[in-house]
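Colleague: structure here, sequence nowhere to be found:
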């Protein structure tokens, strides 16, 4: 009986770990992982969002597309997101007051809030420029 229970728990854990954002190139961060992700990635853009926010919902497919384009180009820039309604410590420590808020970090330090167009192409162009990568046609 105990082996069946353990096997079921292992199977459930695998399913949970591989579901939802398994095909996404956007890194999902939590209160526990956001600081390490910022420290470990030379260039990272982090979106703080609320799932109910209309602007966030409109940005989501463009943000995903930007992450995919960067990956296709071999960029080392990381695109990440934090659900600020759940991961309240991460949002509070960065004084997030509205959604979505996109912050660019370089070498572990906040550089600036992204205020450009909310299209994949504009985000990629901005990030390649900030990271000193050769900008390529999209």
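Modeller: Yep, it's here. Remember, predicted model here, so these are calculated numbers, not experimental data.

Colleague: how about the helices of the protein, start to end?
Modeller: 2-18, 34-40, 54-72, 88-93, 120-131 (DSSP state H).

Colleague: mean pLDDT lowest for which of those helices?
Modeller: Mean pLDDT across these is lowest at helix 2-18; the value there is a mean of 46.

Colleague: please name the nearest non-neighbouring residue to the most centrally placed residue in the chain.
Modeller: Centre of the chain computed as the mean C-alpha position; nearest residue by Cα atoms, centre = their mean is residue 80, 1.2 Å away. Nearest residue to residue 80, sequence neighbours excluded (Cβ to Cβ, 6 or more residues apart in numbering): residue 27, at 3.9 Å. Every residue, glycine included, has its C-beta placed from N, CA and C.

Colleague: tell me how many other residues surround that neighbour.
Modeller: Using other Cβ atoms under 10 Å as the criterion, residue 27 is surrounded by 18 other residues.

Colleague: the one 4 residues further on too?
Modeller: Around residue 31 sit 15 other residues, with neighbours defined as other Cβ under 10 Å.

Colleague: can you check the pLDDT for it?
Modeller: Confidence score, pLDDT, at residue 31: 97.

Colleague: state the distance from residue 28 to residue 79.
Modeller: Separation of residue 28 from residue 79 (Cβ to Cβ, to the nearest Å): 11 Å.
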